[in-house]
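Peer 1: A structural model of the following input is requested.
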Amino acid sequence: MLFPFENHNFSAFHALSPQDETALVSRARLLQAASLRGAPSLQLKGKKLGILCDEGSDSSESRLLFQHAAEELGAHVAIIRPALSSLGNPGEIEHTARLLGRFYDALECQGMAPEVVRQIGRHAGIPVYDGLACASHSTARLAALLDERTSPADNRRFVLQAMLSGSVA
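Peer 2: Numbers count the residues shown, from 1 in each chain. Next up, the predicted model:
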């Protein structure tokens, strides 16, 4: 099941419906069970994901969580430091977003101004997340709904993986 997008805009992930939350937790439970069986899922094999983070943003824990979650699903992950926040011309951001949309299947933005993330989301043509792996993201609380066979950190990773596998086509 793919989660709905509005023009691939990241904001679709800030207000999941109760049905989408249920589907996300169900998918996370399947990933958890597969991990416990020693049969990891490679649902993102061959996909290319990018983590956009401006210089000076200190979110290495979130960056690593996103990177490990995606790589465990078979994706290739690149860390990109584009310094888009310093661009004054919206045309440059639009052009950069379109270019990134050609190279990547999805982008995670961390430590970036919300307006810059919105602009990227409008023009990239791919899923663009705003701090999906950050502890403050609305999906983080869903990890508590998984059972206790795995650690809270692993449960958070399963929820993140569920979101990625459900939204990256």
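Peer 1: quick one: low-confidence ranges for the chain?
Peer 2: With pLDDT under 70 as the threshold, the chain has low-confidence stretches at 1-15, 54-59, 84-88, 169.
Peer 1: recalculate using a threshold of 90.
Peer 2: 1-18, 20, 39-41, 53-61, 81-93, 111-117, 136, 138, 147, 169 (pLDDT under 90).
Peer 1: the longest helix along the chain packs against which elements?
Peer 2: Using DSSP state H, we find that the single longest helix of the chain is helix 18-36. Helix 18-36 sits against helix 152-167, with contacts defined as 3 or more CB pairs under 8 Å, 6 or more residues apart in numbering; DSSP states H and E. The way it works is simple: take the backbone N, C-alpha and C, and place the C-beta from them, glycine included.
Peer 1: if you count contacts, what does the helix it packs on end up packed against?
Peer 2: On a contact count with 3+ CB pairs under 8 Å, 6+ apart, helix 152-167 meets helix 18-36, helix 60-72.
Peer 1: buried residues in stretch 63-79?
Peer 2: Within stretch 63-79, the residues scored as buried using 16 or more other CB atoms under 10 Å are 63, 65-67, 69-70, 72-73, 75, 77.
Peer 1: that stretch: how far from the chain's middle?
Peer 2: Put simply, stretch 63-79 sits 9 Å off its chain's centre (CA atoms, centre = their mean, to the nearest Å).
Peer 1: give me the residues contacting that stretch.
Peer 2: For stretch 63-79, contacts defined as CB atoms under 8 Å, 6 or more residues apart in numbering pick out 40-51, 53, 104-105, 108, 110, 132-133, 156-157, 160-161, 164-165, 168.
Peer 1: what about the nearest residue to Val168 once chain neighbours are set aside, distance to Leu30?
Peer 2: Distances taken as CB to CB, 6 or more residues apart in numbering place Ala106 nearest to Val168, at 4.8 Å, with adjacent residues excluded. Computed as CB to CB, to the nearest Å, the Ala106 to Leu30 distance reads 20 Å.
Peer 1: the two - which one has more neighbours?
Peer 2: Neighbour count, other CB atoms under 10 Å: between Ala106 and Leu30, Ala106 has more, with 24 against 15.
Peer 1: that one bridge partners, please.
Peer 2: Per DSSP bridges, the residues bridged to Ala106 are Leu49.
Peer 1: hang on, it packs against Leu52?
Peer 2: No: between Ala106 and Leu52 there is no contact under CB atoms under 8 Å: 10.9 Å.
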